[in-house]
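> Below: sequence and its predicted model.
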Amino acid sequence: MTARQDTLPFERGAVAAARRASMLKTAFGPAIGAALQDERVIEIMVNADGALWIERHGEGRVAAEKTIKPGDVERIIRLVASHVGFDCNKENPIVSAELPESGERFEGLLPPVSLAPVFAIRKPSPRVISLSDYVAQGVMTGGERLILKAAVASRENILIAGGTSSGKTTLANALLVEIAELQDRLVILEDTRELICSAADKVALRTSPDVGLATLVRSTMRLRPDRIIVGEVRGGEALDLLKAWNTGHPGGIATVHANSAAAALTRIEQLIGERTSGVPYQLIADAIDLVVFIARDNDGRRVEEIIRVNGLDAHDNYRLAPAETQELSLINEGARQ
């Protein structure tokens, strides 16, 4: 086989991928296409009634004048599924993927799990917001910024908790800005590309339909990471991650869905419970140093709590304390960074 013949399958694959991407752009139409290009847009959603909802920074979620026909919504979902090689049908009606070329997170659902085709597109932030930006915007205080800077410098493990669209990933990106100034080797694990890190020595890995986060965490141990970063902990991989953090890989960051800092630890217990019947409370208390809870309301986002996990009491309850009341030495250290 000649070199030219050997490259033909790859060329055909690239041409087919480009054709699918072009078809998807056409299927989106002008309204969704414009929203995808608008840097102010955070999320684009189409409901079962065809209503198009667009959320922008500083404006909240607003219904667009344009509605999308069910057939057009289904075509978009099927094109995205085709891009990732997924056979979307009644038996497999849910598509979780990234948009071709631009990489926005896409979630699409078809009947029977929905009344009509629906999807949501989550756009990553166009720029990384620093901890100083957070202070300027009133999202956190200057003291909270110094606590987080010091925690990063001291290689503490930080769990970021919050609800949907509360800004967990954006805050993780802000902490990665601080880590990038150090000389550590990072391994970053995600389901979709959302974390942004300018560190010189890093490896970014993503899950696939055949390789989950638990497998990636275990593989990561052979890549000699100094710090292990996980975009979002959703399942039993929480156990593997905490073991890694607690055995020579401190200074990690992970996010988790929870409604308070304390609830984040309960959520970790539940996720570990998917893997084993016995919850390792001591491991959780040893591996997680700080829990940061960020919330969102009509006035915007706000860091509500930063708590320190000080091990367990005699009854195996977590000993928690607000970081602000016990971090004076760390604050001073952070101020000198």
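Here it is on my side, so go on. Numbering: from 1, shown residues only.

> what ranges do the strands span in the stretch 1-150 of the chain?
Using DSSP state E, counting those that start in this stretch, the strands of the stretch 1-150 of the chain run over 41-46, 51-56, 60-67, 94-98, 105-109, 118-122.

> for the stretch 151-300 of the chain, same thing?
Taking DSSP E, counting those that start in this stretch, the strands of the stretch 151-300 of the chain run over residues 158-162, 186-190, 202-206, 227-230, 253-257, 290-297, 300-312.

> Pull the number of nearby residues for residue 222.
7 (other Cβ atoms under 10 Å). C-betas here are computed from N, CA, C, even on glycine.

> Tell me which residues touch residue 111, please.
90, 93, 117 (Cβ atoms under 8 Å, 6 or more residues apart in numbering).

> is it true that the last one touches residue 74?
If I follow you right, that is residue 117. Yes: using Cβ atoms under 8 Å, residue 117 is in contact with residue 74, at 4.3 Å.

> what sits in contact with each of the two?
With Cβ under 8 Å, 6+ apart as the test, residue 117 and residue 74 both reach residue 110.

> quick one, which of the strands of the stretch 1-150 of the chain is nearest to residue 277?
Distance to residue 277, taken as Cβ to Cβ, is lowest for strand 94-98 among the strands of the stretch 1-150 of the chain, at 28.7 Å.

> Quick check: buried residues in stretch 95-106?
By 16 or more other Cβ atoms under 10 Å, the buried positions in stretch 95-106 come out as 95-100, 104-106.

> Just flag the most distant two among those residues.
Largest separation among the buried residues of stretch 95-106 by Cβ to Cβ: 96 and 100, giving 14.6 Å.

> gap between residue 46 and residue 234?
According to Cβ to Cβ, to the nearest Å, residue 46 stands 24 Å off from residue 234.

> Any regions of the stretch 51-200 of the chain where pLDDT drops low?
Applying pLDDT under 70 to the stretch 51-200 of the chain flags residues 126.

> wait, I meant the stretch 201-337 of the chain
Looking at the stretch 201-337 of the chain by pLDDT under 70, you get 325-337.

> residue boundaries of the helices in it?
All helices of the stretch 201-337 of the chain, identified by DSSP state H, counting those that start in this stretch, fall at 213-220, 237-245, 261-273, 281-287, 328-336.

> ok, back up a step: neighbour-wise, which of residue 117 and residue 74 wins?
Neighbour comparison, residue 117 and residue 74: the larger count goes to residue 117, with 25 against 19 (by other Cβ under 10 Å).

> Distance to residue 189 added to the strands of the stretch 1-150 of the chain, as CSV?
As requested, the strands of the stretch 1-150 of the chain are arranged in CSV below (distance: least, Cβ to Cβ, whole Å):
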stretch, distance to residue 189
strand 41-46, 23
strand 51-56, 27
strand 60-67, 30
strand 94-98, 15
strand 105-109, 15
strand 118-122, 18
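
> That concludes my questions; thank you for your assistance.
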